[in-house]
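*Asks:* This is a predicted model, with the sequence first.
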Amino acid sequence: MSSDTLLKVEHLSMRFGGLMAISDLSFEARRGEITALIGPNGAGKTTVFNCITGFYKPTMGMITLTRKTGKQHLLERLPDFRITREAKVARTFQNIRLFSGLTVLENLLVAQHNELMRASGYTILGLLGIGAYNRASAAAIERAKHWLERADLIDRADDPAGDLSYGAQRRLEIARAMCTGPELLCLDEPAAGLNPRESLALNGLLQGIRAETGTSFLLIEHDMSVVMEISDHVVVLEYGQKISDGTPEHVKNDPKVIAAYLGVEDEEVEAVIATVEGGIL
């Protein structure tokens with residue numbers, strides 16, 4: 001495996017009864033890059049995410065994540081909480097999953113609960129605010145404030161998360177995920193429902209996080225303006241199979257991708273190829 005390969009998916013397959021949702025999928029995500037997973041509805045994108053993050057155990061295949069330390073984790077063999085804790089993989093969901101009744105700051109502290117519990121020794125030291133727990137608690141608050149600053153939400157720290165606008169809630173989810181210190185952050189349609197101004201703010205946030213921390217991103221996205229603007233690498237799925245893999249420019253001009261998004265039948269793909277080669281599209 002190349003030293004700059006963070007995630008390697010090999011021959012991944014996922015079957016649900018008689019349905020093969022993912023079939024023999026292989027791709028790599030490189031360290032420090034933004035990799036987009038795209039395709040028409042029902043292509044299997046979220047299933048891939050669920051396999052990577054431990055929500056599903058794949059029927060076949062290997063998913064290897066290599067930490068900066070060089071340690072490798074076989075994600076298909078780990079439960080989801082160990083993928084987060086040991087392999088340092090975090091994710092957001094297509095449907096926002098914030099604690100709407102907690103404040104914006106409290107949502108980021110919840111993300112650091114496991115670390116705080118370890119600092120307390122799982123004893124009443126946490127309640128008393130003594131020793132290591134006191135230091136860990138102060139560090140957690142500082143970390144939360146840092147990511148609220150980066151997400152342009154520090155002025156809303158004491159407001160209920162449910163009072164934020166939709167776009168601000170999306171940024172809060174990303175800030176909360178970053179409080180876990182991920183090396184790979186999986187984003188499931190982060191731009192869904194955003195207006196152009198909010199999408200631009202999202203792009204800036206992701207690029208800023210990458211520049212500051214070196215965090216790698218794997219994202220599912222239907223907004224092609226977001227994909228083409230920020231992605232280094234794009235993988236395209238159709239009916240659970242990879243049909244294209246390369247730079248945004250390569251994928252954008254791939255006849256198979258154009259055919260998939262136009263809903264063209266298999267026997268018509270050659271006609272699309274001829275059209276592209278003729279310079280009509």
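*Replies:* Now that the structure is in, tell me what you want to look at. The structure presented is a predicted model; accordingly, all values stated were derived computationally and were not measured.

*Asks:* burial of T103, as a residue count?
*Replies:* Residues within reach of T103, counting by other C-beta atoms under 10 Å, total 16. To be clear about C-beta, it is placed using only N, CA and C from the backbone, and glycine gets the same treatment.

*Asks:* residues contacting it?
*Replies:* T103 makes contact with 157-161 under the criterion C-beta atoms under 8 Å, 6 or more residues apart in numbering.

*Asks:* Turn these into CSV, columns for secondary structure and pLDDT.
*Replies:* Formatted as CSV, those follow (DSSP: H, G, I helix; E, B strand; the rest coil; pLDDT from 0 to 100):
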residue, secondary structure, pLDDT
A157, coil, 97
D158, coil, 97
D159, coil, 97
P160, strand, 96
A161, helix, 96
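
*Asks:* Please produce a ChimeraX select command covering the buried subset of those.
*Replies:* Typed into ChimeraX, the line below selects the buried ones among these, using 16 or more other C-beta atoms under 10 Å:
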select :157,160,161
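
*Asks:* Which of the contacts of T103 sits closest to L74?
*Replies:* A161 (35.0 Å; C-beta to C-beta).

*Asks:* For the residue lying closest to that closest one once chain neighbours are set aside, give its distance to I38.
*Replies:* The shortest distance from A161 to any non-neighbouring residue, by C-beta to C-beta, 6 or more residues apart in numbering, is to L98 (4.6 Å). Going from L98 to I38 by C-beta to C-beta, to the nearest Å gives 26 Å.

*Asks:* Equivalent analysis for D158, please.
*Replies:* Note on D158: its distance to I38, by C-beta to C-beta, is 38 Å.

*Asks:* Quick one: residues contacting S244.
*Replies:* Contact analysis of S244 by C-beta under 8 Å, 6+ apart lists 234-236, 250-251, 254, 256-257.

*Asks:* Could you do V251 as well?
*Replies:* Counting by C-beta under 8 Å, 6+ apart, V251 has contacts 38, 234, 236, 244-245, 257.

*Asks:* Where does pLDDT dip in the stretch 1-150 of the chain?
*Replies:* Within the stretch 1-150 of the chain, the stretches with pLDDT under 70 are 1-3, 114-133.

*Asks:* For the stretch 151-281 of the chain, give me the ranges with low pLDDT.
*Replies:* 262-281.

*Asks:* Would you confirm that Q112 contacts A144?
*Replies:* Yes. Using C-beta atoms under 8 Å, Q112 makes contact with A144 at a distance of 7.4 Å.

*Asks:* Compare neighbour counts for these two and give me the winner.
*Replies:* When neighbours are counted by other C-beta under 10 Å, Q112 and A144 differ, and A144 comes out ahead with 25 against 21.

*Asks:* Counting by contacts, list what the strand or helix carrying the more buried one packs against.
*Replies:* Remark: A144 resides in helix 131-150, with elements defined by DSSP states H and E. Counting contacts by 3 or more C-beta pairs under 8 Å, 6 or more residues apart in numbering; DSSP states H and E, helix 131-150 is packed against helix 104-110, helix 113-120, helix 125-128, helix 166-178, helix 196-213.

*Asks:* okay, the angle between it and helix 196-213?
*Replies:* Interaxial angle of helix 131-150 relative to helix 196-213 (axes from the mean of the first three to the mean of the last three C-alpha atoms, to 10 degrees): 130 degrees.

*Asks:* Helix, strand or coil: sort out the residue nearest to A161 for me.
*Replies:* coil (DSSP: H, G, I helix; E, B strand; the rest coil).

*Asks:* so how far is V110 from it?
*Replies:* Distance from L98 to V110, counting by C-beta to C-beta: 10 Å.

*Asks:* try G181
*Replies:* 15 Å.

*Asks:* I52 too?
*Replies:* Where V110 is concerned, I52 sits at a distance of 23 Å (C-beta to C-beta).

*Asks:* Pull the residues that contact stretch 15-28.
*Replies:* By C-beta under 8 Å, 6+ apart, stretch 15-28 touches 2, 5, 7-14, 35, 44, 47-48, 51, 58-59, 61, 235, 237, 239-242, 245.

*Asks:* So for the protein, the centremost residue is which one?
*Replies:* Geometric centre of the chain, nearest residue: C186, 1.3 Å, by C-alpha atoms, centre = their mean.
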